[in-house]
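# using only what follows, build the 3D model:
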Amino acid sequence: MITSLHIGRRNWNGSAPLLWLVAFVLIGLPLLLVLVQAVLPKLFDPVAPSFTPSVAALTRLVSSPRLFRGIVNTILLGLVGATVSTALGTALALVLTLTDLRLRRLWLSLPWVVFATPSYLKGLAWVLLMSPGGYLVYLGVLSPDGASAFFGPPGLLLVMAAALFPVPYFIVRSRLQGLGGEFIDAARMASARPGQTIRRIVVPMLMPAIGLSLLTTFAEVVGDFGMANTIARSMNFGLLTYNIYAATASFPVDFAAAGAQALLLVLLVSGSVAATALGGVDRETRFLSGRNRQLMTYKLGRWQLPALACLALTALIAAVLPLLAIVLRAFTVSLGDALAPGNFSLAAMRSVFDITDVAGQALLWSFVYAFFAAVLAVVFSTLFAYRISLASRATRLLSSGMAMVTVAIPGIILAFGYILLYNRLPGFRDIGLYGSRLLLVIGYVAAALPYCLIFLWAALDRLGASLREASRLSGAGPMQHLRRIVLPLIRRAVAVAFGVTMVRSIFELPMSQFLMPSAGPALPALIVNDFTQDRDAVACALALVALCAVGLVAGIVTLLGKSRHLTTETGS
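Sure thing, here's the model as predicted:
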């Protein structure tokens, strides 16, 4: 096996053709088939396949009112949603970094809670809250007419902004922490007011991060499948991602329409990535030196209460209300009776913990799928990232660039590619993997692989070349160097990659929806399907148990890591 992978004892040149082939089959080939399908629309036609190129499927994007409306809706929502989310995330980063806001630790946790909650759960929660028979109408906060008015572009924009502001927040806050305090101190010595300092000094320095936030959030909005398949669907607000799914779920399957829309979606997302690279908005401008001062915070004074009120409102909309809606629905019989005493029940929770029920099976199988996907993804990405780290600088740059582009590609595109590969392409179709549990695990691995590679490359880049040279001069081979030197040094990155892959796989909707196995349903697909079939109590119970389980495991791992760190410090 070691020989076939070209990882011999003396092979220090980083070549591993079999690993490259596996990566191509996992990611490259499905994406290539999606692009080919757009220009060869009858390539996978079930009746009369043809290799004749045609632009008919592409022209349908404009000639079909439904498809064209989905494109316009997606682009407009992406532009406006990216602007609003970036403004909200930037404001939050400025307030939490540059002011003496009270309860700082509580507010610092807010973006992480929102970021960790899958978008389709937020969409489902807002349907429970704002529908004419929902909780806010029952409590008298809204009238039925007012609740119905929410289901339109403004309401969807509000939900999108509240769901995606953590992305620009993380980007801008990271930039802020690298500014250094001497710039703000100089402005203070010049008698500049806080507003002037932020407007004339801080914000111009943050413009690259703000630009990156806009482009990244735009890609997130246009590629999001969770919102499109939940709240946007209930509004009858067509979006590209849901139209792709609808084309593959129709009978007969409209591969041509799905491929043309997928190509357009790839172009939109790739355009954002290209604009980021060409515009230089991701360029790392360094403000830190050995003489940097710490950032000093401004006193909010009389603005303390208004700032706390704004943050409390943000937390209420982005996290508290959606999570509370899920919890309440998980313990009630019907949505219409809401908080009536006789409406509370444990029936939905019992079905989740009943292994003979489809909900209990979905919960169990989803954790099994996620575990094996995490093991396979981490093992493969560790080998692949290590071999790439031994290769030339050009190969390393090419590989990291491909991984970054692949991360930006929406999961629904890769999932559609897997349908084409394992359900339509001769050879792969004959393997019989389509509809199996193994293919779902492979899909999870492919979706998580770029993230794992980025985590591991970042860790490997911190290792000096002298370690490799020392191992080579002592007569050790690359695999011995990996096992005895590299792995102990990057074990934390490996653990992070494993945890991220497992959490992503548990809540991965596109792969779960497109590659649903005939037996052993996946949790995300069952949640969405149950919600659309008036089994929303079971859907919310599944979501609640999964979120709690993931949070519990993450908490235990964090505590173990802290205790181990304290033990190490005490021993030293």
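
# how about the helices in the stretch 1-150 of the chain?
Applying DSSP state H, counting those that start in this stretch to the stretch 1-150 of the chain gives helices spanning 17-23, 29-39, 56-63, 65-98, 104-116, 119-130, 135-138, 144-150.

# so which of those gets nearest L240?
helix 65-98 (4.4 Å; CB to CB). All C-beta spots, glycine's among them, are computed from the backbone N, C-alpha and C.

# in CSV, list the helices of the stretch 1-150 of the chain along with distance to R233 and mean neighbour count.
Below are the helices of the stretch 1-150 of the chain laid out as CSV (distance: least, CB to CB, whole Å; neighbours: other CB atoms under 10 Å):
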stretch, distance to R233, mean neighbour count
helix 17-23, 34, 15
helix 29-39, 22, 20
helix 56-63, 20, 15
helix 65-98, 12, 20
helix 104-116, 22, 15
helix 119-130, 9, 25
helix 135-138, 20, 20
helix 144-150, 15, 15
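
# low-scoring stretches of this structure, by residue?
1-15, 178-196, 276-296, 404, 557-558, 560-572 (pLDDT under 70).

# in it, which residue is closest to the centre?
R504 (7.5 Å; CA atoms, centre = their mean).

# quick check, it in contact with A446.
No - taking contacts as CB atoms under 8 Å, R504 lies outside contact range of A446: 11.6 Å.

# circling back: nearest residue to the residue nearest to the centre of the chain other than its sequence neighbours?
A448 (5.4 Å; CB to CB, 6 or more residues apart in numbering).

# just confirm the one you found is within a helix.
Yes - assessed by DSSP: H, G, I helix; E, B strand; the rest coil, A448 belongs to a helix.

# contacting residues for it?
Counting by CB atoms under 8 Å, 6 or more residues apart in numbering, A448 makes contact with 373-374, 377, 500-501, 504-505.

# so among the residues you listed, which ones count as buried?
With burial judged by 16 or more other CB atoms under 10 Å, the buried subset of the contacts of A448 is 373-374, 377, 500-501, 504-505.

# quick revisit: can you say which of the helices of the stretch 1-150 of the chain is nearest to F416?
With CB to CB as the criterion, F416 lies closest to helix 29-39 of these, at 5.9 Å.

# the closest one packs against which elements?
If contacts are counted by 3 or more CB pairs under 8 Å, 6 or more residues apart in numbering; DSSP states H and E, helix 29-39 sits against helix 56-63, helix 255-279, helix 411-419.

# report the angle between it and helix 56-63.
Relative orientation of helix 29-39 and helix 56-63, computed by axes from the mean of the first three to the mean of the last three CA atoms, to 10 degrees: 70 degrees.

# helix 29-39: how far from the chain's middle?
Relative to its parent chain, helix 29-39 has a centroid offset of 23 Å by CA atoms, centre = their mean, to the nearest Å.

# okay, it in CSV with CA atoms only?
The C-alpha trace of helix 29-39 is given here as CSV (Å, rounded to 0.1, in the frame of the first residue of the first chain):
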residue,chain,number,x,y,z
LEU,A,29,-14.8,14.9,-11.5
PRO,A,30,-18.2,15.7,-10.0
LEU,A,31,-17.6,19.4,-10.5
LEU,A,32,-16.4,18.8,-14.0
LEU,A,33,-19.5,16.8,-14.9
VAL,A,34,-21.7,19.7,-13.7
LEU,A,35,-19.9,22.1,-16.0
VAL,A,36,-20.0,19.7,-18.9
GLN,A,37,-23.7,19.0,-18.4
ALA,A,38,-24.4,22.7,-18.9
VAL,A,39,-23.0,22.7,-22.5
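
# report the angle between that helix and helix 255-279.
If you take the same axes, to 10 degrees, helix 29-39 sits at 110 degrees to helix 255-279.

# who are the neighbours in contact with F367?
By CB under 8 Å, 6+ apart, the neighbours of F367 are 506, 549.

# and if we set it to 10 Å?
Residues in contact with F367 (CB atoms under 10 Å, 6 or more residues apart in numbering) are 502, 505-506, 523, 546, 549-550, 553.

# buried set for stretch 456-466?
For stretch 456-466, a neighbour-count test (16+ other CB under 10 Å) marks 456-457, 459-460 as buried.

# nearest to W107, out of the helices and strands packed on helix 29-39?
helix 255-279 (28.4 Å).

# what does the helix or strand following that closest one rub up against?
Sequence-wise, the next helix or strand downstream of helix 255-279 (DSSP states H and E) is helix 304-315. Contacting residues not belonging to helix 304-315 are listed as 88, 91-92, 95-96, 99-103, 106-107, 109-111, 113-114, 161-162, 165, 300, 303, 320-321 [CB under 10 Å, 6+ apart].

# what's whichever helix or strand comes after helix 304-315 packed up against?
Counting by DSSP H and E, the next helix or strand C-terminal to helix 304-315 is helix 321-330. Other helices and strands packing on helix 321-330, by 3 or more CB pairs under 10 Å, 6 or more residues apart in numbering; DSSP states H and E, are helix 104-116, helix 119-130, helix 135-138, helix 153-164, helix 347-352, helix 536-571.

# turn those helices into CSV, columns for distance to G70.
Converted to CSV, the helices and strands packed on helix 321-330 look like this (distance: least, CB to CB, whole Å):
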stretch, distance to G70
helix 104-116, 26
helix 119-130, 17
helix 135-138, 29
helix 153-164, 13
helix 347-352, 34
helix 536-571, 25
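
# identify whichever of those helices lies nearest to A465.
Among the helices and strands packed on helix 321-330, if distance is taken as CB to CB, the winner is helix 536-571, at 26.8 Å.

# list the buried residues for the helix or strand where A394 lies?
Per DSSP H and E: A394 is located in helix 393-408. Judged by neighbour count using 16+ other CB under 10 Å, the buried positions of helix 393-408 are 395-396, 399-400, 403-406, 408.

# restricting to C-alpha, output that helix in CSV.
The C-alpha trace of helix 393-408 is given here as CSV (Å, rounded to 0.1, in the frame of the first residue of the first chain):
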residue,chain,number,x,y,z
ARG,A,393,6.4,25.9,-3.9
ALA,A,394,4.4,26.1,-7.1
THR,A,395,2.6,22.8,-6.3
ARG,A,396,1.8,24.0,-2.8
LEU,A,397,0.4,27.3,-4.0
LEU,A,398,-1.6,25.6,-6.7
SER,A,399,-3.0,23.1,-4.2
SER,A,400,-3.9,25.7,-1.6
GLY,A,401,-5.6,27.9,-4.3
MET,A,402,-7.7,24.9,-5.5
ALA,A,403,-8.7,24.1,-2.0
MET,A,404,-9.8,27.8,-1.3
VAL,A,405,-11.8,27.8,-4.6
THR,A,406,-13.4,24.5,-3.7
VAL,A,407,-14.4,25.8,-0.3
ALA,A,408,-16.3,28.6,-2.0
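
# from the chain's centroid, how far away is it?
18 Å.

# what is the orientation angle of that helix with helix 411-419?
Using the same axes, to 10 degrees: helix 393-408 against helix 411-419 is 100 degrees.

# tell me which other helices or strands helix 393-408 touches.
Using 3+ CB pairs under 10 Å, 6+ apart: helix 393-408 touches helix 17-23, helix 203-223, helix 255-279, helix 358-389, helix 437-461.

# to F416, which of these lies closest?
helix 255-279 (5.6 Å).

# helices or strands next to the closest one in the packing?
Here helix 255-279 touches helix 29-39, helix 56-63, helix 65-98, helix 203-223, helix 240-249, helix 393-408, helix 411-419, going by 3+ CB pairs under 10 Å, 6+ apart.
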